[in-house]
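In: here are the coordinates; sequence isn't available:
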Ligand code: ADP
């Protein structure tokens, strides 16, 4: 028998890297995962060691390939890479070694740079050009900070000695033995240096963020040619031919490559993305505009909402309050109640993200009575994920005029059947959960596989996936209205509780 065609796909996430070997008929032939070290040198700072990220990624790639080899004979036709977005690495072109720890997307050290630029009245223009906000979350101001704090790095960058990139670029550089310095449009669109219309790095944006020219990677199509991975390094020689940021890879992995298709990833936080087709839609409702992929892996656009706390509220009830033994237990607890009995939780532990963008508001549990028990609190935490998701979908519809026809779901908390049914009810939409929920890694596999012909096109890639499970809305309009009105009042209550001295820069409404 001839060897099975397969794709090696690498999902380099914030806390760990997953490697899968996926066959053309959609089976996972090999799998490996490893965590790596988080560095917190100061309050609000989060760093990664880029060398460790490379080593961990190479290790899991080799383990997944080994596991697949033990199972059947296959040929790696291509390699897909998806990654934690916005995290930046700066390295020496000559030695290939990082010159600073990677500054992670969660890192808040550039808050002052953001404030300065906002006070200088630059936010409107930045929003229009890049689709993003002036927030430390995005890469640009992390670079401003680096070059302000380290003038010797600026001097070296200006002399052409340094290269910079997000994690995708760093891995491409590492796997090609330093031959390729490239990124894709989905990652580029998270940096504040990339103009959504032109699809290029723009000199005036580089100037605004004080980034020396010449250090950025070449931008290539997400489903495209990123060079040959060196067999000595990665354990397999194959073209790197699918690259996308994690949320956009998940969007593609869910088959959302056309206008009107939306997905939500319910993890620690939640990320809702709505594909808006070929034109960027500018948000008036607190969302960001980002590059996504079309069915060919080419450039398209999406609206994105980042919800900071989703599954993390269940973690909090489990670990801090010790109300439940494990996250999956939340399903039976929620199910045990007929209704929420008027109990709501606003999990604003780190402020509220999209579409509210209120960094100062604190969390609350409202509607307590003597009859309130553990299950009410657990149910309220699950319900909050659904309400926040619906707020994001409403903002998306208001911005784009496009209403999602269904919601495709993935992430750890999407395993919760009660939550998925409740989401279907609150959103009055079918909720579709794929058989294999590792949609991020699969999305990168899809982008790579359609480039090298493992799949003839995106539809064939999707067809190779197992049957999804569909949750349908069974909630009446009246019940939906009552629940959403309760959530709105809970939001209003936490806003009313906010200390007026602490109002944040992204306060809306
Ligand atoms: P991340 O990739 O952000 O680390 P995951 O996708 O692995 O997150 O999801 C983990 C999160 O989902 C945790 O916050 C956990 O509390 C929550 N979670 C996991 N399983 C369930 C479940 N069955 N019901 C509700 N929440 C869950």
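Out: Received it, and whenever you're ready, just let me know what you need. Owing to the predicted nature of the structure, the values given are computational and were not obtained by experimental measurement.

In: So what's the residue count around the residue of the stretch 101-250 of the chain found nearest the ligand?
Out: Nearest residue of the stretch 101-250 of the chain to the ligand (C-beta to the nearest ligand atom) works out as residue 246 at 9.0 Å. (Glycine included, C-beta is placed from N, CA and C.) Applying other C-beta atoms under 10 Å, we find 26 other residues in the vicinity of residue 246.

In: Backbone dihedrals for it, both of them.
Out: Main-chain dihedrals, residue 246, degrees, to the nearest 10: phi -60, psi -50.

In: Isn't it up against residue 80?
Out: No - in this structure, residue 246 is not within contact of residue 80 by C-beta atoms under 8 Å, at 11.9 Å.

In: could you pull out the helices for the stretch 151-300 of the chain?
Out: Using DSSP state H, counting those that start in this stretch, the helices of the stretch 151-300 of the chain run over 151-158, 167-175, 185-188, 203-208, 231-234, 246-253.

In: Let me know the pLDDT of the residue of the stretch 151-300 of the chain found nearest the ligand.
Out: Closest approach between the stretch 151-300 of the chain and the ligand, counting by C-beta to the nearest ligand atom: residue 267, at 2.7 Å. What the model reports as pLDDT for residue 267 is 88.

In: What sits closest to it if chain neighbours are left out?
Out: Excluding its sequence neighbours, the residue lying closest to residue 267 (C-beta to C-beta, 6 or more residues apart in numbering) is residue 411, at 4.2 Å.

In: Now do the same contact list for the one you found.
Out: Shown in contact with residue 411 (C-beta atoms under 8 Å, 6 or more residues apart in numbering): 264-267, 270, 310-311, 437.

In: mind giving me a markdown table with those residues and columns for neighbour count and distance to residue 167?
Out: Below are the contacts of residue 411 laid out as a markdown table (neighbours: other C-beta atoms under 10 Å; distance: C-beta to C-beta, whole Å):
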| residue | neighbour count | distance to residue 167 |
| --- | --- | --- |
| 264 | 31 | 23 |
| 265 | 27 | 18 |
| 266 | 27 | 23 |
| 267 | 18 | 17 |
| 270 | 27 | 21 |
| 310 | 28 | 23 |
| 311 | 24 | 23 |
| 437 | 18 | 22 |
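
In: what does the chain have sitting close to the ligand?
Out: Residues of the chain lying close to the ligand (C-beta under 6 Å from any ligand atom) are 267-268, 311-312, 314-315, 327-328, 330-331, 411-413, 415-416.

In: Filter those down to the ones in helices?
Out: Judged by DSSP state H, the residues of the chain next to the ligand include 311-312, 314-315, 330-331 as members of helices.

In: how about the residues you listed, which pair is most distant?
Out: Spanning the widest gap among those are 312 and 331, at 17.0 Å by C-beta to C-beta.

In: Neighbour count for the two, which is higher?
Out: Set residue 312 next to residue 331 and count neighbours by other C-beta under 10 Å: residue 312 wins out with 21 against 18.

In: what's the distance between the closest residue to that one other than its chain neighbours and residue 412?
Out: Sequence neighbours aside, residue 268 is the residue nearest to residue 312 in space, at 4.8 Å (criterion: C-beta to C-beta, 6+ apart). From residue 268 across to residue 412, the span is 8 Å (C-beta to C-beta, to the nearest Å).

In: so what sits against both of these two?
Out: Shared contacts of residue 268 and residue 412, defined by C-beta under 8 Å, 6+ apart, comprise residue 311.

In: Strands of the stretch 51-200 of the chain, start to end?
Out: 74-83, 88-92, 102-103, 162-166, 182-183, 194-195, 200-201 (DSSP state E, counting those that start in this stretch).

In: before we move on, what about the stretch 201-350 of the chain?
Out: Counting by DSSP E, counting those that start in this stretch, the strands of the stretch 201-350 of the chain are 218-219, 228-229, 238-245, 262-266, 270-277, 288-293, 299-307, 344-346.

In: Which strands border the fifth one, and is each parallel or antiparallel?
Out: This means strand 270-277. Sheet pairing of strand 270-277 (DSSP bridges) gives strand 262-266 (antiparallel), strand 299-307 (antiparallel).

In: what does it rub up against?
Out: Contact with strand 270-277 is made by 247-248, 250-251, 256-265, 290, 292, 300-307, 310-311, 385, 388-389, 392-393, 396, 400, 402, 404, 411, as judged by C-beta under 8 Å, 6+ apart.

In: My understanding was that residue 147 contacts residue 215; is that so?
Out: No - with contact taken as C-beta under 8 Å, residue 147 and residue 215 are classed as non-touching, separated by 9.6 Å.

In: Now do the shared contacts for these two.
Out: Counting by C-beta under 8 Å, 6+ apart, the shared contacts of residue 147 and residue 215 are residue 157.

In: so how far is the first residue of stretch 147-155 from its last?
Out: Terminal residues of stretch 147-155 are spaced 9 Å apart (C-alpha to C-alpha, to the nearest Å).

In: for stretch 172-191, same thing?
Out: 18 Å.

In: And that stretch, what's buried?
Out: Buried residues in stretch 172-191, counted by 16 or more other C-beta atoms under 10 Å: 172-176, 178, 180-191.

In: Out of the strands of the stretch 51-200 of the chain, which is closest to residue 33?
Out: Residue 33 lies closest to strand 74-83 among the strands of the stretch 51-200 of the chain, at 14.1 Å (C-beta to C-beta).
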